[in-house]
Structures are given as C-alpha cells and as structure tokens.
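Student: predicted coordinates and the sequence they were generated for:
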Amino acid sequence: MADKPQSLPKYPESYWRDHISIPSFPKLEEDIETEVAIVGGGITGITAAYLLSKAGVPTVLIESGELLNGTTGHTTAKVTAQHGLIYDRLIKEHGRESAKLYYEANHEAMNFIKNLSEELHIDCDLTIEDAYVYAQTKEYADSIIDELKAYKSLDIPGEFVESLPFSLPCMGAVVMKNQAQFHPVKYLAGLIPSIEQSGGRIFEHTAAMKVEDGDNPVIITDNKKKIRCSYLITASHFPFNDEMGLYFARMHAERSYVLGVKIDEEYPGGMYVSADSPSRSLRYTMVDGEQLILAGGESHKTGQGISTHQHYEELEKFSRNHLGVKEIPYRWSAQDLITPDHLPYIGPITVNHHNILVATGYAKWGMTNGTAAARILTDHILKRENPYADLFHPSRVKGVKNLIKDNADVAKHLVQGKFSIVHKNPEDLANDEGAIVKVNGQKAGCYRDPEGKLHIVDSTCTHMGCEVEWNSGDRSWDCPCHGSRFSISGEVLEGPAVEPLNVIENQNHQDQD
C-alpha cells in the first residue's frame, strides 16, 4: 500500500473532543469546605455532581486536567446493557440473582441517560440501535448459544441471528434490541449548567494527591490546598487513594484502540462487538451529515505486548478488508480497569470508611456502569436504599484465582524491568522515536521529538517502582505493573501514580538538530 505511512493520522485525537466547546474552570487556589467532594471529571463524577447538587447537597468537583479528557472522552460511547458475553459468565460466577441485578442496573442506567438527555434538551446525537455480540470462529459459536440461554434465564429480550450486514466472518450472533449510542462529551457538557445553577462548584487542573482520613476527610491537592468534606467520592478512574483497600492489587489495566473511519458504502446501523480475539467493535456517529464509523478493539494489558502502533495498524487492516475505507481522520486509545470477578467496585472504599466512596473497574462499559455508580453513591450519601449497592460493594470477596494471577504478572514485570539490559543511548534515537536508554550510567526513558529535541525522564514509575515502557502509538510512558501512564515530559496521564516522573538532565550529550 503506497500511502500506508500517511493512511493513519500522525497523532492520536478523539473525535468526541474535536470541534466542541467544553466549559473551562479555574484551578483551586484556596482551602474550602463542602458536604461532598468528587475527584474526577468523567461520567461518574459529573453525573454524581448533577444528582447531588440537584438534591441541594453542597458539592465540589475537582479534575486533575480538563473535564472529559480521560476514559469518558475516549470511549466508543455505547449506551447498552449488553457487555459482551457477560451474562452467562455472571450466572456461573455469581448466580442468577446477581446476574439479573447487573442487567437491571445497567438497563436502568441506559434509560436514565435517554430520559435525562430528553428532559434537559441535550443534543447529544443519541440514537436507538440494536446491539450485537458475534462469534468470528466456530470455537465461540457455542458461547453465543450459551449467552442466548442466559438471556432467556434472566428474561432479557434477545434473539439469535446467523449473519451480520457486513463481510465479517460470523458464526452467529446474539442481539439485544433497542439499546443506544450517543456523543458522551455533548451529553455530559449538557449537565454542567445544571450543576452550576444548583450551586455546585467545579475546579480543573487540580490534582488530588492524598487524603487525610477522619470523620471529615481532607483532600490535599497538588498545590497544597485543602478540601474538607463530609463525603469523598473517588471517581478518578483508578483511585488516587488506592492504598485504602489496596486497589492496585485488585484490578489490572487494559488499553484498547479506536479508528474513526469514513467509508464508501452506507453503514447499516447497529452496534457490534466480537466475542473472540482479536476483539473488534463497530458503531457509527454522524459528522456534518456523513457517517463516521468507529472501529475498535485490540485490547491488551497496559505497558505490555507488541509496539502499540501495530494495534492501530491491525484495526486499519480490518477496516480496509471489511468496510471499504475512504479516509481515516481519527485514531485514539482508551484505558479500562478490569476486576477479577468482572463486576465494578462501587461503594465505601473499605468497610471502615463509610464516607470515602469509590467507583472503578467498569471493564470497557463505563457509560452505563459509570451512570449506575453515580446513582448508587448518591443514594448512599442521601441515605436511601439502592437495590444494587450490595452487588457492587468493593469489600466483596470474589475472583481470588484471577487476583493471584494478576499479581503474579505484576511481580514478573517488576523483576524483568529491573534486570533488563539497556542497549541504546540517546544519540541512537531517530526523530519521533522513544526507548529505554542509558543516561549518566542509569536507565532512563528518552524520546526524541520531531524537531530533534530530547525529552529524558526517570524510567521508574512513581507508584510502586516498576519500570515503564515506551508507548509508540500514543507517545507516552506506560507502566506494565499497574497501568500508570506518563507524558514525554513525565506528567501523570493515568493513575494510580500521582507523582510525575523525574526529569533527567543528560550530562554527556547535547541535543542534535
């Protein structure tokens, strides 16, 4: 393919954040008090701030960067209770009653989004679509049948189809009717005026660094300001205060990838996800009267596996083979947290902290799980019963086998990173190349930008000391142990780390033009 080097966008950019005006807010510059403090400006944090402020509860929301620039701004934004082959698994691992509750929580969350966007007249490109899980191979065809049986057992409306309206390999699919898709940034930006009108306060570029425990928790920010509150909601994707409850040992991080593709033929509608690997996801959205197809997949543990740019290339091959690509104007990636028992953690961060709450571990289905979490935590604060609180309670004991497996993987990468041999020096790097190099006799992460300038950082993750790896697809430093990510200049992009990587001065080398 002659045009291959130019066929993918040079830099990752999410369509959801392109050409849209999002309100901006100041950095917190003084000590304050509030009833509820929320850390994290994604779907859980903003929805909870909306619900609580509307209920008359004094609420403050802080975001370490800009609102809606984390996973919520990089999702595929399917609003559905169909989460892959989830219900057969939940019945086997948790029982029929728990599986039913999971469906109901997410189905209600979907309807909440539909109804609220209509009530507030939010133009968020919401459309009603059928959702499909399909098998690409005979191996997974039986799993599709098992999932259909689970639907019937749980009284979930669904049906089996033998093929899809694409040239995709399909050995059968299960369909959940009348689900939804939307523009997540337009939807959540539409809630912000109501938060402000109800007295809620929002601060951007305000990172929570630690919590002083007590009857009235105190958040310490990056500029040493204090937020005293009666309740704290940690909705920062990975809990910034993960030492409470040892969350770094109870989840693992995965990255997945999306292309925004314009195609020659009409997209037939619907949302699709493959049951088997390599994972593939499809949906569409309208852009200036033209369909933009979101082709996603290629999941892997953060900081592990092949060069990350190859994941984008694999999605490009898939799109060209099955969709008839005209242009690929967007590419981006997202990070998701996976719990060992496949249920999110929503509720008190430990059994001894009724007023410090957490919401995390949505496993790629954050639009409904995140909305359900906001409703559960709001009910907890308002002392209302919620039928789903026990199901998602973070102190449940499940998934021990997977927990042991994940932490063994962490130990392996910790050791490998510490004892790996470095073969490159900064002068070996070409423009727009990053690698672990030797600087001043020590390991370091080095990136030479397109202008030839070197950006050198300590390669030891500030969370728990693992060695980061270069992410070529997104130009970042990623930790293979717990999923922390850092920019080329060391700033934290993803937790659990809260401290940046140290910048290193190269004493033995001058930048080359």
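Tutor: Nice, thanks for sending it over. Numbers count the residues shown, from 1 in each chain.
Student: off-centre distance for stretch 55-75?
Tutor: Centroid separation for stretch 55-75 versus its chain: 13 Å, with C-alpha atoms, centre = their mean, to the nearest Å.
Student: rounded mean pLDDT for that stretch, please.
Tutor: Stretch 55-75 shows a mean pLDDT of 92 in the predicted model.
Student: gap between the two ends of it?
Tutor: Start-to-end span of stretch 55-75 (C-alpha to C-alpha, to the nearest Å) is 29 Å.
Student: report the buried residues of that stretch.
Tutor: Using 16 or more other C-beta atoms under 10 Å as the test for burial, stretch 55-75 gives 57-64, 67-75. In short, each C-beta sits where N, CA and C put it, glycine included.
Student: just these: which are in strands?
Tutor: 59-62 (DSSP state E).
Student: adding distance to residue 390, write those residues out as TSV.
Tutor: Below are those laid out as TSV (distance: C-beta to C-beta, whole Å):
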residue	distance to residue 390
59	25
60	29
61	27
62	29
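Student: from the residues you listed, which is closest to residue 318?
Tutor: residue 61 (38.2 Å; C-beta to C-beta).
Student: quick one, what contacts the closest one?
Tutor: 37-41, 45-46, 49, 195, 200-203 (C-beta atoms under 8 Å, 6 or more residues apart in numbering).
Student: how about a cut-off of 6 Å?
Tutor: 38, 45, 49, 202 (C-beta atoms under 6 Å, 6 or more residues apart in numbering).
Student: out of those residues, which are inside helices?
Tutor: 45, 49 (DSSP state H).
Student: now the contacts of residue 61 in TSV, with distance to residue 343, pLDDT and neighbour count?
Tutor: Listed next are the contacts of residue 61 as TSV, based on distance: C-beta to C-beta, whole Å; pLDDT from 0 to 100; neighbours: other C-beta atoms under 10 Å:
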residue	distance to residue 343	pLDDT	neighbour count
38	22	98	31
45	20	97	30
49	24	98	31
202	30	98	24
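Student: of all the contacts of residue 61, which comes closest to residue 440?
Tutor: residue 45 (41.0 Å).
Student: isn't that closest one right up against residue 39?
Tutor: No. Residue 45 is not in contact with residue 39 according to C-beta atoms under 6 Å; the separation is 7.2 Å.
Student: of the contacts of residue 61, closest to residue 256?
Tutor: For the contacts of residue 61, the nearest to residue 256 is residue 45 (21.8 Å; C-beta to C-beta).
Student: any idea which helix or strand in the chain has the lowest mean pLDDT?
Tutor: helix 400-419 (a mean of 49; mean pLDDT, DSSP states H and E).
Student: just after it, pick out the following helix or strand.
Tutor: Once the chain leaves helix 400-419, the next helix or strand it forms, by DSSP states H and E, is strand 433-439.
Student: quick check: end-to-end length of stretch 24-33?
Tutor: Using C-alpha to C-alpha, the two ends of stretch 24-33 sit 22 Å apart.
Student: quick one: contacts of the longest strand along the chain?
Tutor: The residue-count maximum for a strand in the chain (DSSP E) belongs to strand 325-338. Residues from elsewhere that reach strand 325-338 (C-beta under 6 Å, 6+ apart): 8-9, 12, 14-15, 71, 74-75, 251-264, 312, 319, 360-361, 363-364, 474, 494.
Student: cool, and stretch 74-93?
Tutor: Against stretch 74-93 from outside (C-beta under 6 Å, 6+ apart): 14, 99, 102-103, 106-107, 110, 113, 131, 133, 143, 146-147, 150, 176, 179-182, 184, 271, 273, 275, 281, 283, 294, 296, 332, 334, 365, 367.
Student: the longest strand of the chain: which residues count as buried?
Tutor: So, applying 16+ other C-beta under 10 Å, buried residues of strand 325-338: 325, 328, 330-338.
Student: pLDDT of that strand, averaged?
Tutor: Strand 325-338 comes out at a mean pLDDT of 94.
Student: you'd agree residue 59 is up against residue 51?
Tutor: No. Taking contacts as C-beta under 6 Å, residue 59 lies outside contact range of residue 51: 9.2 Å.
Student: need the residues touching each of these two.
Tutor: In contact with both residue 59 and residue 51: no residue, using C-beta under 6 Å, 6+ apart.
Student: mind listing what residue 314 touches?
Tutor: Contacts of residue 314 (C-beta under 6 Å, 6+ apart): residue 298.
Student: which strand or helix spans it?
Tutor: Assigned by DSSP H and E, residue 314 falls in helix 309-322.
Student: how about that helix: buried residues?
Tutor: 309, 311-316, 318-319, 322.
Student: cool, stretch 201-219 as well?
Tutor: Within stretch 201-219, judged by 16+ other C-beta under 10 Å, the buried ones are 201-208, 211, 217-219.
Student: quote the end-to-end distance of it.
Tutor: 15 Å.
Student: out of the contacts of stretch 74-93, which are buried?
Tutor: For these, buried by 16+ other C-beta under 10 Å: 14, 99, 102-103, 106-107, 110, 113, 131, 133, 143, 146-147, 150, 176, 179-182, 184, 271, 273, 275, 281, 283, 294, 296, 332, 334, 365, 367.
Student: who does the closest residue to residue 290 other than its chain neighbours bridge with?
Tutor: In this structure, residue 290 finds its nearest non-sequential neighbour in residue 262, 6.6 Å apart by C-beta to C-beta, 6 or more residues apart in numbering. Beta bridges link residue 262 to residue 327 when assigned by DSSP bridges.
Student: residue 262: neighbour count?
Tutor: 17 (other C-beta atoms under 10 Å).
Student: how much space separates it from residue 326?
Tutor: 5 Å (C-beta to C-beta, to the nearest Å).
Student: what does residue 369 give?
Tutor: 34 Å.
Student: returning to what we had before: now, which of the buried residues of helix 309-322 sits nearest residue 459?
Tutor: Of these, the one sitting nearest to residue 459 (C-beta to C-beta) turns out to be residue 309, at 19.9 Å.
Student: surely the closest one and residue 473 touch.
Tutor: Yes. At 4.2 Å, residue 309 and residue 473 qualify as touching, with contact defined as C-beta under 6 Å.
Student: before we move on, back to that, among the buried residues of strand 325-338, which one lies nearest to residue 121?
Tutor: residue 330 (27.6 Å).
Student: measure that closest one to residue 495 for me?
Tutor: Residue 330 is 25 Å from residue 495, by C-beta to C-beta.
Student: repeat for residue 467
Tutor: 18 Å.
Student: ok, these two, which is more surrounded?
Tutor: When residue 467 and residue 495 are compared for neighbours, residue 495 comes out ahead with 29 against 24, by other C-beta under 10 Å.
Student: residues contacting the more buried one?
Tutor: 238, 240.
Student: all helices for the stretch 1-150 of the chain, in order.
Tutor: Per DSSP state H, counting those that start in this stretch, the stretch 1-150 of the chain carries helices over the ranges 4-7, 43-54, 87-94, 96-119, 138-153.
Student: name the nearest residue to residue 159, ignoring sequence neighbours.
Tutor: Per C-beta to C-beta, 6+ apart, closest to residue 159 is residue 175, 5.3 Å.
Student: neighbours around the one you found, how many?
Tutor: Residues near residue 175, counting by other C-beta under 10 Å: 20.
Student: same check on residue 452?
Tutor: So residue 452, with other C-beta under 10 Å, has 13 neighbours.
Student: residue 260 and residue 293 touch, don't they?
Tutor: No. Using C-beta under 6 Å as the test, residue 260 is too far from residue 293 to be in contact (7.5 Å).
Student: compare the two (neighbour count), which wins?
Tutor: residue 260 (23 against 19).
Student: give me every residue that touches the more buried one.
Tutor: 15, 292, 329-330.
Student: try residue 282
Tutor: Here residue 282 is in contact with 272, 295 (C-beta under 6 Å, 6+ apart).
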